[in-house]
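Chemist: sequence and predicted structure below; questions after.
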Amino acid sequence: MNVTFRQLRLLEAVARHSSFTRASEELHLTQPAVSTQIKQLEEEVGMPLFEQMGKKIFLTEVGKEVYAFSRAIAQQFRDIESVLDDMKGVKRGTLALTVTSTGKYFAPYLLASFLKRYPGTQVHLEVANREELVQQLQDNTPDMVIMGTPPDNIELQSQAFMQNPLVIIAPPDHPLVGVNRVPLSRLVEENFILRERGSGTRNAVERFFQQRGIKFKASMEMSRNEAIKHAVMAGLGLGIVSLHTLEFELELGRVAILSVEGFPIMKEWYMVHRSGKRMSPIAQAFREFVLNEADRIMKLPQPKPVTRSRRRVTRS
């Protein structure tokens, strides 16, 4: 079978973007050139790698297998570049970074500051849910991962670099807004809109309430923080999200943070990579930059003052 690295690289880009157009733009090629290379790859494999449904394209089962190999091969090429860069002492190159869906709210600010110091760096930033992110760590594809609590079933190197407070949010006209230290027992009457099961936020919330013997009503599950915030604004219930996600909503007064005993739940953000991974000079530089500079660069959003008279709620 005569398969080229160029074809595998194109396959990886098309699969990652789910688009021939965006893949061609990333690689500075024409769309017909990309389509031709993928067609030639399919001829070599002897089976289709993509299928189209409407305007969307998806990997076939065979395509998924080839895609997994293409990512592994691409990582090996990056490792070769890392060795050569290390020997040359080069402080530029490509950084492959994956962040959780909550991490996307602050990662661009870290990258912007980093790129001022290392302007020759090309960044590939990917946003993934926890399940996808753990799979990437198992496959050893990204240089670095930013996530909440790292999994304990993979050999990893991880280091905390910044706090991640989880807060309870409500629409501004909710009766508990402005109440000081709402008892947890009061929350059993409320409907909660939470992240999907398996997410780092959901795991932390469930563990918090279970440890205190409090049952709460998870009336809705959503896989995106934006969806949770909009549901809260619409009055569908209370939400629990990272404070990092709330900059604009707090500034505009669209949601309010409740004062609840035991909250915020204090988690941490971690820089994570596989144990024994050969880090490129630029990946090492980014890791050290984040560990040393994140707290200085990132400032947590501040709630707007609540004009409602503050009062205590008696415990039920």
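Modeler: Good, I have the coordinates.
Chemist: which residues of this structure fall in helices?
Modeler: 5-17, 20-26, 31-45, 61-88, 107-117, 130-139, 200-211, 225-233, 247-251, 281-297 (DSSP state H).
Chemist: if you average pLDDT over each of those helices, which is lowest?
Modeler: Ranked by mean pLDDT, those bottom out at helix 61-88, with a mean of 78.
Chemist: what is the neighbour count of the closest residue in space to Ala160 that isn't next to it in sequence?
Modeler: Sequence neighbours aside, Glu268 is the residue nearest to Ala160 in space, at 4.1 Å (criterion: CB to CB, 6 or more residues apart in numbering). To be clear about C-beta, it is placed using only N, CA and C from the backbone, and glycine gets the same treatment. Residue neighbour count, defined by other CB atoms under 10 Å, stands at 14 for Glu268.
Chemist: likewise Gln210?
Modeler: Quick note: Gln210 (other CB under 10 Å) scores 10 neighbours.
Chemist: state the distance from it to Gly239.
Modeler: When distances are taken as CB to CB, to the nearest Å, Gln210 and Gly239 turn out to be 19 Å apart.
Chemist: again with Gln138
Modeler: For Gln138 relative to Gly239 (CB to CB), the value is 31 Å.
Chemist: out of these two, which sits in the more crowded spot?
Modeler: Using other CB under 10 Å, the more surrounded residue of Gln138 and Gly239 is Gly239, with 27 against 12.
Chemist: one step back: bridging residues for the residue nearest to Ala160?
Modeler: Per DSSP bridges, the residues bridged to Glu268 are Gln163.
Chemist: surely it touches Gln159?
Modeler: No - look at Glu268 against Gln159 with CB atoms under 8 Å: they stay out of range, at 9.7 Å.
Chemist: give the bridge partners for the spatially most central residue of the chain, please.
Modeler: The centroid of the chain falls nearest to Thr100 when counting by CA atoms, centre = their mean (1.5 Å). Following DSSP bridges, Thr100 is listed with bridge partners Ala128.
Chemist: contact partners for it?
Modeler: Applying CB atoms under 8 Å, 6 or more residues apart in numbering to Thr100 gives the contacts 127-130, 133, 146-148, 200.
Chemist: show me which of these are buried.
Modeler: Among the contacts of Thr100, those that count as buried by neighbour count (16 or more other CB atoms under 10 Å) are 128-130, 133, 146-148, 200.
Chemist: quick one: which of those is nearest to Leu184?
Modeler: Gly200 (21.1 Å; CB to CB).
Chemist: report the separation between the residue nearest to that closest one when sequence neighbours are not counted and Pro183.
Modeler: Nearest non-adjacent residue to Gly200, counting by CB to CB, 6+ apart: Gly148, 3.6 Å away. Noted for Gly148: a distance of 27 Å to Pro183, by CB to CB.
Chemist: can you check Ile228 too?
Modeler: 23 Å.
Chemist: of these two, which one has the most company?
Modeler: The residue with more neighbours, out of Ile228 and Pro183, is Ile228; 26 against 16, by other CB under 10 Å.
Chemist: does the more buried one touch Ile193 like I think?
Modeler: Yes - if you go by CB under 8 Å, Ile228 and Ile193 touch, sitting 5.2 Å apart.
Chemist: mutual contacts of these two, please.
Modeler: 222, 239.
Chemist: would you turn the helices of the chain into TSV with distance to Gly178?
Modeler: Shown next, in TSV, are these (distance: least, CB to CB, whole Å):
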stretch	distance to Gly178
helix 5-17	46
helix 20-26	46
helix 31-45	55
helix 61-88	50
helix 107-117	31
helix 130-139	34
helix 200-211	23
helix 225-233	16
helix 247-251	15
helix 281-297	30
